[in-house]
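A.B. asks: Here's a sequence, model it:
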Amino acid sequence: MAKFLSDDWFAKVDELTQAAGDLQIPKALREVVVNLTVGTDTGDVQMCMNGGLIQRGNVPKADVDMSMPADYAYRILIKGDWSAGMKGWLVRKIKLTGNMRKMMPLKTHKPSAPQEDLRKKIDGITDPM
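C.D. replies: Numbering: from 1, shown residues only. Coordinates of the predicted model:
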């Protein structure tokens, strides 16, 4: 088990992602880059969703920049609770800037079976918050 957003966690996520093979990522998700700034007790952690894959650090010229507390990031990315994103935005815990047109198709995104399998494996190696 690895603490969510730790160096060890990112390394294990990379290993699992590489081992997963073809994730059959939908086109709308493959074509958007979202920088995430996740607020934790020890400071902000920079990560991104690049082509549907979790990566450590931000990338230049992302389509969207998003910030949120760690509990929302955990619910969305680890537990697969996509509704937490809209709830977090409505209560102003999640902030977005950038090309919102690229985000709109994601609200109807349903993970492919391989993506869902990878999410469950990542959940399995992640210490609960």
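
A.B. asks: after the helix or strand encompassing residue 46 comes which helix or strand?
C.D. replies: In the assignment (DSSP states H and E), residue 46 maps to strand 43-50. Per DSSP H and E, the first helix or strand lying C-terminal to strand 43-50 is strand 53-56.

A.B. asks: which secondary structure elements does that next one contact?
C.D. replies: Applying 3 or more C-beta pairs under 8 Å, 6 or more residues apart in numbering; DSSP states H and E, one finds that strand 53-56 contacts helix 7-20, strand 43-50. Glycine gets a C-beta too; all of them are placed from N, C-alpha and C.

A.B. asks: who does it pair up with?
C.D. replies: If you go by DSSP bridges, strand 53-56 pairs up with strand 43-50 (antiparallel).

A.B. asks: residues in contact with the partner strand?
C.D. replies: Contact partners of strand 43-50, identified using C-beta atoms under 8 Å, 6 or more residues apart in numbering, comprise 5, 10, 29, 32-38, 54-59, 62, 70.

A.B. asks: Residue 49 bridge partners, please.
C.D. replies: Note on residue 49: beta-bridge partners by DSSP bridges are residue 34, residue 54.

A.B. asks: If anything else comes up later, I'll come back, but that's it for now.
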